[in-house]
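Asks: Quick one: sequence plus predicted model below, questions after.
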Amino acid sequence: MRGTYLGLTSEVALRRLTTLGCTAVALQAVHARLPAGSPGAGGPPAWSTQPLGLFAPTSCYAARGVPLTPVQQWQIMVARLHAAGLEVLLDVGATATAEGNHLGPTLSLRGIDNAVYYQLAANQPRYYRAVPGANNALNLRHPRVLQLLMDSLRYWVTAMHVDGFRFVGASPLACAEAASDYGEAVSTILHQDPVLSQVKLLAAPWDGGVSGAVGNTGPGRGWGRYGQERAPIHRSGHGGQGPWAA
């Protein structure tokens, strides 16, 4: 059970979390993804792993030998955490996917409509524009791509019962400097949506730029900063076992 969804809610794990005074558990890289070593998967699983599917938890952290699907195990985990007084926050990499660059595998969005779902180089549309740490960039300017992201977030709230999201690489979403870019549309929809506006929205907005600095995500923009005093989290490392940081 160690390193699994169900393992996180064992009696020992829950006692440890509550003894530390944690109020929430932030789950890292739990969207469905390619197995490590697959074409387009990149290196070992990490917090920045790009998702393959936005509507399912990865089976990597599902316990083997139990008659429960990964979704059922996830739902049991969340129910037990809530019963222990702990909120569940989910990392979201809303900027790229596991399909990689132009040499990567065709797995989903690329095969549906490559030019709609991804940002392509202006003069050589065979190639992809990329965000730091990934080989592609989702085209969040397109209404269908925005709809896909928002439908996914609502699913995780309504069906999987998470209490909020931590947006990885959130500078394009939360920073004032990006007000004219696609991030402003995402941020506006998040704060106007009747479901998503009621959950916690945290930003980890390292932009990978020259300074590598955290962006301007002040209180006026409706975002909390992950790891700061105002964030409802007691943060500690997960020691390489499981996808969580308490």
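Replies: It's in.

Asks: For residue 17, what are phi and psi?
Replies: Dihedral pair for residue 17: phi -60, psi -50, per degrees, to the nearest 10.

Asks: Isn't it up against residue 24?
Replies: No: between residue 17 and residue 24 there is no contact under CB atoms under 8 Å: 9.5 Å. Using the backbone N, CA and C atoms, a C-beta is placed for each residue, glycine as well.

Asks: Skip the chain neighbours and tell me the closest residue to residue 95.
Replies: Spatial nearest neighbour of residue 95, excluding adjacent residues (CB to CB, 6 or more residues apart in numbering): residue 131 at 4.7 Å.

Asks: mind listing what the most centrally placed residue in the chain touches?
Replies: Nearest to the geometric centre of the chain sits residue 92, at 1.4 Å (CA atoms, centre = their mean). Going by CB atoms under 8 Å, 6 or more residues apart in numbering, residue 92 touches 31, 153, 165, 166, 167, 168.

Asks: Now, the residues you listed that are in helices?
Replies: Per DSSP state H, helices hold the following members of those: residue 153.

Asks: Counting neighbours, what do you get for residue 81?
Replies: Counted with other CB atoms under 10 Å, the neighbours of residue 81 add up to 24.

Asks: Could you dump the contacts of residue 92 into CSV with pLDDT, neighbour count and distance to residue 55 added?
Replies: Converted to CSV, the contacts of residue 92 look like this (pLDDT from 0 to 100; neighbours: other CB atoms under 10 Å; distance: CB to CB, whole Å):
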residue, pLDDT, neighbour count, distance to residue 55
31, 91, 24, 9
153, 94, 25, 10
165, 91, 23, 14
166, 86, 26, 18
167, 81, 28, 17
168, 73, 23, 18
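
Asks: Quick check, residue 117 in contact with residue 141.
Replies: No: contact between residue 117 and residue 141 fails when scored by CB under 8 Å: they sit 11.1 Å apart.

Asks: higher neighbour count, the two?
Replies: Set side by side, residue 117 and residue 141 show more neighbours around residue 117, with 21 against 13, by other CB under 10 Å.

Asks: which one is that one nearest to, not counting chain neighbours?
Replies: Nearest non-adjacent residue to residue 117 (CB to CB, 6+ apart): residue 109, at 4.0 Å.

Asks: Could you report the distance from the one you found to residue 102?
Replies: Distance of residue 109 to residue 102, given as CB to CB, to the nearest Å: 14 Å.

Asks: out of those two, which sits in the busier spot?
Replies: More crowded of residue 109 and residue 102, by other CB under 10 Å: residue 109, with 21 against 17.

Asks: Please, where are all the strands along the chain?
Replies: 24-27, 31-32, 53-57, 87-92, 164-168, 200-204, 224-225, 244-245 (DSSP state E).

Asks: So what are the sheet partners of the fourth one and their directions?
Replies: Spelled out, it's strand 87-92. Sheet pairing here is set by DSSP bridges, and for strand 87-92 it gives strand 24-27 (parallel), strand 164-168 (parallel).

Asks: pLDDT on the first one, on average?
Replies: Right, strand 24-27. Strand 24-27 carries an average pLDDT of 92.
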